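>>> quick one, structure for this:
(one chain, ligands or ions: 2)
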Amino acid sequence: MKKFTCVQDIGDLKSALAEAFEIKKDRFKYVELGRNKTLMMIFFNSSLRTRLSTQKAAINLGMNVMVLDINQGAWKLETERGVIMDGDKPEHLLEAIPVMGCYCDIIGVRSFARFEDREFDYQETILNQFIQYSGRPVFSMEAATRHPLQSFADLITIEEYKKTARPKVVMTWAPHPRPLPQAVPNSFAEWMNATDYDFVITHPKGYELAPQFVGNAKVEYDQMKAFEGADFIYAKNWAAYAGDNYGQILSKDREWTVSDRQMAVTNNAFFMHCLPVRRNMIVTDDVIESPQSIVISEAANREISATVVLKRLIEGL
Ligand SMILES: CCC[C@H](NC(C)=O)C(=O)O
Ligand SMILES: NC(=O)OP(=O)(O)O
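Ligands and ions are numbered 1, 2, ... in the order given. Predicted coordinates for the structure are as follows:
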């Protein structure tokens, strides 16, 4: 594997899942594979789970690890080409990227959507510059339009907990005080559409995701109807994508906050969220603390998804 930015890069999902469950049984099985190989993790945005689980995955494989928070300690970077650099940014990404590539074997990048220009975001301008100019294999630690390490961990978790071969999985929008990226819901939808699950997306009108991610999923504007008989509830906020509303908050309606009311019409569904989660905005305390909440197992599986991805990238060196 030469990059990991989307579901297609992992190849056959059954093989990827088999590798994940093999590593889960013995996560140090390949500890010699990464000897004298260096992982560089670049963060343009904050992180807890991705930072820690990916570093742990590198340790599982015997790798050296370097972490750089671009906006804390490094030079502020200009990312637009053709700009006259007489402002507050002393360095251009187009120099910084190949320089960073000199010091490592594999690069992970976190660079969220900026919501200033939908085309800039949806062309994955920043991530693709790392792929094009670093001279190293690159993987996404959540970019503008996807979060594949999270989605792979989500799939591992559903496979571990499902009680039927084809569970009903419902991704629901929920309110949030800030406009959050579409990367997590886009990516979850992309991976769910790659399985044979019964996948439903529910959100208020105006929050339609980009069609290439919605795919063949059923979209239901009535949340209660969507929740009926569900086996898994995957809650997430995202800002509007469509038209002139790109990056906007259209609703903070707390009727969409996942509570016992909605969970009561499910098939005793498991509750999932990628975290961090705003309690009593996205989900009530009772639901996220219930025996059906598997958010911690889901977060623990981030170490497994990252170990499989790093293993395949090292094997591809
Ligand atoms: C894994 C989630 C990261 C980010 N969350 C926030 C709070 O910015 C998001 O919603 O994409
Ligand atoms: N779910 C996830 O990626 O969490 P962080 O943003 O804390 O890394």
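>>> going forward, measure contacts and count neighbours with C-alpha atoms only.
Fine.
>>> so who does Gln182 touch?
Going by C-alpha atoms under 8 Å, 6 or more residues apart in numbering, Gln182 touches 144-146, 209, 238-239, 241.
>>> could you pull out the helices for the chain?
Taking DSSP state H, the helices of the chain run over residues 7-10, 13-25, 49-60, 93-102, 118-122, 125-133, 148-161, 183-193, 211-214, 223-227, 260-263, 285-288, 295-315.
>>> please report how far Lys162 lies from ligand 1.
Distance of Lys162 to ligand 1, computed by C-alpha to the nearest ligand atom, to the nearest Å: 23 Å.
>>> next, count neighbours for the spatially closest residue to that residue that is not a sequence neighbour.
Take Lys162 and drop its neighbours on the chain: the residue closest to it by C-alpha to C-alpha, 6 or more residues apart in numbering is Asp231, 7.6 Å away. Look at Asp231: counted by other C-alpha atoms under 10 Å, it has 23 neighbours.
>>> ok, now which ones touch Asp231?
For Asp231, the residues meeting the contact criterion (C-alpha under 8 Å, 6+ apart) are 162, 167-169, 266-270.
>>> try 10 Å
Shown in contact with Asp231 (C-alpha atoms under 10 Å, 6 or more residues apart in numbering): 158, 161-164, 166-170, 198, 266-271.
>>> kindly report the same for Lys76.
Lys76 touches 70, 88-93, counting by C-alpha under 10 Å, 6+ apart.
>>> neighbour-wise, which one of the residues you listed leads?
Counting neighbours by other C-alpha under 10 Å, Leu93 comes out on top of the contacts of Lys76 with 19 neighbours.
>>> Ala240 contacts Ala183, doesn't it?
No - judged on C-alpha atoms under 10 Å, Ala240 makes no contact with Ala183 at a distance of 11.9 Å.
>>> which neighbours do the two have in common?
Residues touching both Ala240 and Ala183 (C-alpha under 10 Å, 6+ apart): Leu209.
>>> how much space separates the most centrally placed residue in the chain from Phe188?
Central residue of the chain (C-alpha atoms, centre = their mean): His147, 2.3 Å from the mean position. From His147 over to Phe188 the distance is 8 Å, taken as C-alpha to C-alpha, to the nearest Å.
>>> thank you, goodbye.
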